[in-house]
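Novice: sequence first, then the predicted structure:
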Amino acid sequence: MSDYDFKSAEDKWQTRWTESDIYRSVIDKSKPKHYAVTMLPYTSGDLHIGHWYAMAPSDVRARWMRMRGYNVLFPIGFDAFGLPAENAAIQRNIHPASWTYKNVDTMRRQIQSMGAMFDWKREAVTCAPEYYRWSQWLFLQFYKNELAYKQLSPVDWCPQCNTTLAREQVWGEDRHCERCNTPVIKKDLNQWYLRITDYAEELLDFSRIEWPDRVQAMQTNWIGRSEGVEFEMQVAGHEDSFRVFTTRPDTIFGVTFAVLAPEHGLVDTITTESQKAEVEAYREAASRQTEIERLSTEKERDGVFTGAHAVHPFTGEGVPIYVADYVLTTYGTGAIMAVPAHDDRDFDFATRYGIHIPVVIAPEGWDGKPLETAYIGQGTMVNSGEFDGLSSKAGWGAVADRLQEKGIGEKRTNYRLRDWLISRQRYWGCPIPMIECPSCGLVAVPEEDLPVLLPSDAEFLPTGESPLKLHEGFRNVACPACGEPGTRETDTMDTFICSSWYQYRYLSPDFDSGPFDTEEGDYWLPVDQYTGGIEHATMHLLYTRFFTKAMRDMGLVEDDEPMLSLFNQGIILGEDSEKMSKSRGNVVSPDELVGDYGTDAVRLYLMFISRWDQGAPWNSASMEGAPRFLNKTWGLLIDPPEATDKDGGDGQELRRLTHQTIRKVTEDIDTFSFNTAVAALMTFANGLQKAKSDACFGTEAWEEARRTMILLLAPMTPFFAEELWEQGGGDYSVHDQAWPEWDPELARPSTIEMPVQINGRVRAKFEVSPDATQEEVEQLALEQDNVKRHLEGANPKKVIVVPNRLVNIVV
RNA sequence: GCCGAAGUGGUGGAACUGGUAGACGCGCUGGACUCAAAAUCCAGUGGCCGCAAGGCCGUGAGGGUUCGAGUCCCUCCUUCGGCACCA
């Protein structure tokens, strides 16, 4: 028996596919379109098995859609700006651009070896001027629509990467950099922001898209919507007042103090002489603390009295105003009304400083005694003047309305989401197209002057300053408005900007009169199927939704959402069940595997290893099963059978298996259950093997089965299927064939194995036709020897017949 | 602490809306082929008892609902992911 020669088949078909341009996707209005995208890889320089795990199954789905008659666009590109290129440049003394483009070439070759149906004429590389020209152009549209602004504020700074980060890029309890794991610090810097918070409410609406619940939950959580009331508190004996935000207006009669964040603007004004020294010392200490210390929930809640009092809006009583760092300046108004009886934090604080803790929401069955911990649930309002007796739920609205009538407050929705900080103090990124002029202020670079080219001769040492600042030729520029000498913005953009709109650039990567050709857009958009890792749930996946919504409002796209359907694949771990990393030495190299087993075997194994969204540890012993299956299938379909005197029969069993397999594989690919689709094909091969030795070879049923096997394999193992197809006399190309349909009649089993349970335990099994009536099935069940034995003549109380499933006899 | 996902043989994993737990693969055992090996093919493979027929136990733990629970409900345990003074 001859084995499948993957090396020559892969070379042969790769060449043929390229020559015939088989994967070129062009607008064809006679067919339904399907736009599939797999998250674009970063140009790290080496294709990891993780890239294969992300891309190959995605390719299977795209190929399958193609065979089902869709006009499929499946492009690929490279996320090419970013810090690793700059670090490589510093370490190896090569330019980030040459490092990046060298990596692009390597990775392109590696990706091509995967045999995916990528349309390479659509390739987009985000660091190319023809790409980032439009990133800049889009930035200008954001600026013109007041969605981009520059502001001085405390920002997260990664001391390792030497740049600021967006809030989304700071992870974990210790607030570390998402890229390099270094804990971030705070700095006060003048930075560019995109107003993503304008879209907070709309971003919470997932009704138009089919995205995993997990991602929806993470984004919802991240946006952090909360409804409450914002109202004014007057400072006693002062002109000044301050605003507070609360989600529990029903607890307002329980307010016994108020708290300002240490950075609150009013602190200096209202602090009395006698308290000044103490307050100053506290603020000083708070500012010296790291963010981590400050935000630690372990830390005891402390603060200092300002000496001033606020006037309670209902009782008119004076409540002391404290300064405490458990109130954040960045959320709400930076000031709170404190209700110790009904808030854990306020309770701790009041206990520590001996502040009165009156109960105003009575829990059910409350005995009137003081509380030992804060009661944060619902209840009945007490000690609340005119509101006594209302449920806390009804009181919520009643108090809110009264505050509004008094003209001091209104209902308000707050979000945890912050605006997106996009300035980065590094070289290898997209320049922000803005100019600062001493007389005109901030001036946008005119669109016709785009792109603002990144100079190739900048010094990029990690000084903490943007390298472009030191480049005089870049920095000094005439103001486009008045012609006087001005300076360019020297920070570059967060690379997540580049990847927020790449699905649009793919449509026409060479188009030079807009970010994309609307003729292409009208046909292909939006993306129908997006696949990629979950790690971008609150970064890229949030940003790209924001971009699309903003672009929609600018009239650039029509859709509300960029990607209709999303699937998150899992992660392939090392053989030791740990995350793959060079330092652990557990990295699996796809190049090596492809050399040993061939592309198709690697693709097949990755799909078989586990459910796609689950991921699994790599297992090199288990990998052997894939090439074994391919060789076996090869032998089955190519080699003639050994002589046999068996009768081939009518082939009904084989036909049944064929149609059952079509159904199973079709349904499984549809639901991304590639592992069970592969299992079904293996079962099919086992059936073919049996049929072959039963002398079915060459019959009509065999021909149908052979053809079907190749077609079902085509999306998963494109080279292998193409070679088998040709060997069997099929016309080029197997990938242009229609996906087979199953006939439900033929797929129907001839007999069903029916288990008989007595009191829920299986006691016998018998074969029965699926057409048998319930009475017949019941009769047969009762006739089984072992059933009779167990019944011992006793009369069954009840017999449950589940059609085509089982019989359960209750005694 | 809050939110979410998951715990199934030696192993990776199957199991439709509650209906034969362990599909398919890996590994292992035995056999065929071979001088021998590899490859391939055939048979077996959750545990325990039994010559067999068959029986008992079994999906992280313990309860419950049901004729019937891996699947539904309650209480725990463990692992992973996200959030965490957000008023």
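Specialist: Thanks, I have it.
Novice: stretch A:257-274: which residues count as buried?
Specialist: Residues of stretch A:257-274 classed as buried by neighbour count (16 or more other Cβ atoms under 10 Å): A:Phe257, A:Ala258, A:Val259, A:Leu260, A:Ala261, A:Pro262, A:Glu263, A:His264, A:Leu266, A:Val267, A:Ile270, A:Thr271. All C-beta spots, glycine's among them, are computed from the backbone N, C-alpha and C.
Novice: contacts only, for the residue most central in space within chain A.
Specialist: In chain A, the residue lying closest to the centroid (Cα atoms, centre = their mean) is A:Ala537, at 3.4 Å. If you count contacts by Cβ atoms under 8 Å, 6 or more residues apart in numbering, A:Ala537 has them with A:Arg214, A:Val215, A:Met218, A:Gln219, A:Trp222.
Novice: at 6 Å what do you get?
Specialist: Applying Cβ atoms under 6 Å, 6 or more residues apart in numbering, we find A:Ala537 in contact with A:Val215, A:Met218.
Novice: roughly how far does it sit from A:Arg214?
Specialist: A:Ala537 is 8 Å from A:Arg214, where distance means Cβ to Cβ, to the nearest Å.
Novice: check A:Asn476 too.
Specialist: From A:Asn476 to A:Arg214 the distance is 50 Å (Cβ to Cβ).
Novice: so how far is stretch A:356-368 from its chain's centroid?
Specialist: Here the centre of stretch A:356-368 is set off from its chain's centre by 44 Å, with Cα atoms, centre = their mean, to the nearest Å.
Novice: over to stretch A:131-149?
Specialist: 24 Å.
Novice: hmm, who's touching it?
Specialist: The contact list for stretch A:131-149 (Cβ under 6 Å, 6+ apart) reads A:124, A:193-195, A:430, A:433, A:444, A:450-451, A:497-498, A:515, A:550, A:554.
Novice: what about that stretch, average pLDDT?
Specialist: Average pLDDT, stretch A:131-149: 98.
Novice: pLDDT weak spots in the stretch 601-750 of chain A?
Specialist: A:643-649 (pLDDT under 70).
Novice: write out the residues of it neighbouring RNA strand B.
Specialist: Contact residues, the stretch 601-750 of chain A versus RNA strand B (Cβ under 7 Å from any atom of the strand): A:608-611, A:614, A:616-617, A:619, A:621-622, A:624-625, A:628-629, A:631-632, A:673, A:675-676, A:678-679, A:682-683, A:686, A:689-690.
Novice: in helices, which of those residues appear?
Specialist: Of these, the ones assigned to helices by DSSP state H are A:608, A:621-622, A:625, A:628-629, A:631-632, A:675-676, A:678-679, A:682-683, A:686, A:689-690.
Novice: for A:Cys696, give its distance to A:Phe349.
Specialist: 82 Å.
Novice: neighbour-wise, which of the two wins?
Specialist: A:Cys696 (26 against 22; other Cβ atoms under 10 Å).
Novice: torsion angles phi and psi at that one?
Specialist: phi -90, psi -10 (degrees, to the nearest 10).
Novice: list, one by one, the residues from the stretch 401-550 of chain A near RNA strand B.
Specialist: So the stretch 401-550 of chain A meets RNA strand B at A:Asn414, A:Arg416, A:Ile534, A:Thr538 (Cβ under 7 Å from any atom of the strand).
Novice: give me every residue that touches the closest residue to the third one other than its chain neighbours.
Specialist: It stands for A:Ile534. With Cβ to Cβ, 6 or more residues apart in numbering as the criterion, A:Ile534 has its nearest non-adjacent residue at 4.3 Å, and that residue is A:Asn568. Neighbour list for A:Asn568: A:Pro212, A:Ile534, A:Asp613 [criterion: Cβ under 6 Å, 6+ apart].
Novice: number of residues surrounding the first one?
Specialist: Read that as A:Pro212. 15.
Novice: and it, its phi and psi?
Specialist: Dihedral angles (degrees, to the nearest 10) for A:Pro212: phi -60, psi 140.
Novice: kindly report the same for A:Val319.
Specialist: phi -120, psi 130.
Novice: ok, now which ones touch it?
Specialist: A:Val255, A:Thr256, A:Phe257, A:Ala258, A:Ala310, A:His312 are the contacts of A:Val319 under Cβ under 6 Å, 6+ apart.
Novice: what pairs with it across the strands?
Specialist: A:Ala310 (DSSP bridges).
Novice: how near is it to RNA strand B?
Specialist: 14 Å (Cβ to the nearest atom of the strand, to the nearest Å).
Novice: and that residue, what pLDDT?
Specialist: So A:Val319 comes in at 96 (pLDDT).
Novice: residues making contact with the strand or helix carrying A:Val756?
Specialist: Element membership for A:Val756 (DSSP states H and E) is strand A:752-758. Defining contact as Cβ under 6 Å, 6+ apart, one finds that strand A:752-758 is touched by A:762-768, A:770, A:781, A:784, A:787, A:790, A:804, A:806-809.
Novice: give me the buried subset of the residues you listed.
Specialist: Of the contacts of strand A:752-758, these count as buried by 16+ other Cβ under 10 Å: A:Arg763, A:Ala764, A:Phe766, A:Val768, A:Ala781, A:Gln784, A:Val787, A:His790, A:Leu806, A:Val807, A:Asn808, A:Ile809.
Novice: can you give me how far the strand holding A:Val756 is from the chain middle?
Specialist: 45 Å.
Novice: which ones are touching A:Phe684?
Specialist: A:Thr661.
Novice: oh sorry, the question was meant for A:Arg345
Specialist: Residues near A:Arg345 by Cβ under 6 Å, 6+ apart: A:Arg301, A:Tyr326.
Novice: what does A:Tyr543 give?
Specialist: With Cβ under 6 Å, 6+ apart, A:Tyr543 has these contacts: A:Phe496, A:Ser500.
Novice: before we move on, what about A:Arg545?
Specialist: A:Leu203.
Novice: got phi/psi on it?
Specialist: Here A:Arg545 shows phi and psi, under degrees, to the nearest 10, equal to phi -70, psi -40.
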